[in-house]
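1. need coordinates for the following:
(one chain, ligands or ions: 1)
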Amino acid sequence: MLAGRRILLIIGGGIAGYKVLETIRRLKDAGASVTPVMTRAAEEFVTPLSVAALAGSRVYRNLFDLTDEAEMGHIELSRAADLVVVAPATADLMAKMAGGHADDLASTLLLATDKRVLAAPAMNVRMWDHPATRRNLSVLRGDGVLVVGPDEGPMACGEFGFGRMAEPEAIVAAVSAALAEGKLRGRHVLVTSGPTHEPIDPVRYIANRSSGAQGAALAAALRDLGARVTFVTGPASVPPPQGVTVIPVQTAREMEAAVRAALPADAAVFAAAVADWRVEDARDAKIKKDGSGRPPVLSLSENPDILKAVAGMRDGRPRLVVGFAAETGDVLAQATAKRQRKGCDWIVANDVSPETGIMGGSENAVTLITPDGAEAWPRMSKQAVARRLADRIALALGEPA
Ligand code: C5P
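-> Sure thing, here's the model as predicted:
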């Protein structure tokens, strides 16, 4: 899968360093060659000897190691790779990258490279949440740095939250996606997926039966064609794919904000089953029976139509905007009208009547509606629908950037 691909692996100093050994093993198993670079702090967590043994390569540690003519210079080292991976990307290393520092070998290579950089952040949850790290992260993303993780969970320091380095499997998937030479290389595609949860009170919510399976399959198919994918997902029952940027949200309004924050994109696909209404006055405390026998009255208000808003953007509209239409009757007519009404380019229409078993099931039967007309696709797995749709998106966007 990664045969012959060259990875320059920059190892920062953090407790997550232990996972780097497994990551190197998996990268090698997948056929990649790994050239390791360790910061001074990294050596406090993993030994250069273990890293060298697993990588089957010498470990580069010191900027001044490289001044000898017999050695490879740092410019060459930074470029003799197909991808630069930073794992763990500590808060300090991220700050150096964002600030363009070059005061040791790792930061100098990161500044000198002309290759894509994939960072796997790992740090304490408070450091991750700190405004300085958030700023650095957005600078890095703006510079085109790819980011995998971090994950949420218990941390070595005893706290709980986001900051655990992505698992080796996820890092390898992100490396594969970054190196994919697919038809969507260099493209950014936004995908919304899953249901939304609209709170009634702190324990109850309004939701729908969407599993998020079609959106997740689509994000994976777009990733496999080399796209950089931002996956904005409500609380789905299917896990998000690896190697994409996952933005979890709960409500329609959160989804809208996340979508706007993720733009610009070359294409945007709205596969989410967004709740049309939210409870106008969601209560702060659990609603109790009052003994009167009269149920509470919930008044609803309409949620923002995210697809329509993005399709109608004057500035920064993605070149291709694709909506889904889940209908329970007269699918073609409903979906064709919906394409017009929402102002999107394509509609992927499907019949979600309970007897079709599509909502929450593994198959889908869709009709693609474009300005040129309607195309009925045979019933197939959601993965196959996703691959076909990703191919069509690549075709519509044209040659890779
Ligand atoms: O109007 P309807 O919900 O049938 O439209 C479905 C399409 O619109 C889907 O692509 C869905 O993701 C999108 N949508 C949205 N925001 C809403 C409602 C629907 O983006 N509030």
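2. where does the prediction get shaky in the stretch 151-300 of the chain?
-> Across the stretch 151-300 of the chain, the stretches falling below the confidence threshold (pLDDT under 70) are 181.
3. which stretches of it form strands?
-> Under the criterion DSSP state E, counting those that start in this stretch, strands of the stretch 151-300 of the chain are mapped to 151-154, 160-164, 188-193, 198-199, 205-206, 228-233, 245-248, 267-270, 277-279, 300-302.
4. Thr47 is nearest to which of those?
-> For these, the distance to Thr47 is smallest for strand 160-164, at 22.2 Å, taking CB to CB. Every residue, glycine included, has its C-beta placed from N, CA and C.
5. and Trp128, which of the strands of the stretch 151-300 of the chain is closest to it?
-> Trp128 lies closest, by CB to CB, to one member of the strands of the stretch 151-300 of the chain: strand 160-164, at 4.4 Å.
6. by contact count, what packs against the closest one?
-> helix 125-129, strand 151-154 (3 or more CB pairs under 8 Å, 6 or more residues apart in numbering; DSSP states H and E).
7. what residues does the stretch 101-250 of the chain have near the ligand?
-> Applying CB under 6 Å from any ligand atom, one finds that the stretch 101-250 of the chain approaches the ligand through Thr192.
8. tell me the residues of the stretch 301-401 of the chain that contact the ligand?
-> Counting by CB under 6 Å from any ligand atom, the residues of the stretch 301-401 of the chain that sit close to the ligand are 303-307, 323-325.
9. buried ones only from these, please, as a ChimeraX command.
-> Remark: buried members of those, expressed as a ChimeraX selection using 16 or more other CB atoms under 10 Å:
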select :303,305,306,307,323,324,325
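10. in a markdown table: the residues of the stretch 301-401 of the chain next to the ligand, plus secondary structure and pLDDT.
-> Output for these, formatted as a markdown table (DSSP: H, G, I helix; E, B strand; the rest coil; pLDDT from 0 to 100):
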| residue | secondary structure | pLDDT |
| --- | --- | --- |
| Asn303 | coil | 98 |
| Pro304 | coil | 97 |
| Asp305 | coil | 98 |
| Ile306 | helix | 98 |
| Leu307 | helix | 98 |
| Gly323 | strand | 98 |
| Phe324 | strand | 97 |
| Ala325 | strand | 95 |
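11. identify the farthest-apart pair in the residues of the stretch 301-401 of the chain next to the ligand.
-> The most widely separated members of these are Pro304 and Ala325, with 17.9 Å between them, by CB to CB.
12. still on that earlier bit, in a markdown table, list the strands of the stretch 151-300 of the chain along with mean neighbour count and distance to Phe64.
-> Shown next, in a markdown table, are these (neighbours: other CB atoms under 10 Å; distance: least, CB to CB, whole Å):
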| stretch | mean neighbour count | distance to Phe64 |
| --- | --- | --- |
| strand 151-154 | 12 | 36 |
| strand 160-164 | 19 | 33 |
| strand 188-193 | 28 | 39 |
| strand 198-199 | 20 | 58 |
| strand 205-206 | 19 | 59 |
| strand 228-233 | 27 | 36 |
| strand 245-248 | 18 | 37 |
| strand 267-270 | 28 | 47 |
| strand 277-279 | 18 | 60 |
| strand 300-302 | 11 | 64 |
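13. which stretches in the stretch 301-401 of the chain count as strands?
-> 320-327, 346-351, 363-364, 366-370, 373-376, 380-381.
14. closest to Gly398 out of the ones you listed?
-> Closest approach to Gly398 among the strands of the stretch 301-401 of the chain (CB to CB): strand 320-327, 10.4 Å.
15. paired strands for the closest one, with orientation please.
-> With DSSP bridges as the test, strand 320-327 is paired with strand 267-270 (parallel), strand 346-351 (parallel).
16. what would those strands look like in TSV with distance to Leu21?
-> Output for the strands paired with strand 320-327, formatted as TSV (distance: least, CB to CB, whole Å):
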stretch	distance to Leu21
strand 267-270	38
strand 346-351	43
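17. who wins for proximity to Leu397 among those?
-> Nearest to Leu397, of all these, is strand 267-270, at 6.2 Å by CB to CB.
18. taking the stretch 51-200 of the chain, what residue is nearest to the ligand?
-> Using CB to the nearest ligand atom, Thr192 is the residue of the stretch 51-200 of the chain that sits closest to the ligand, at 5.6 Å.
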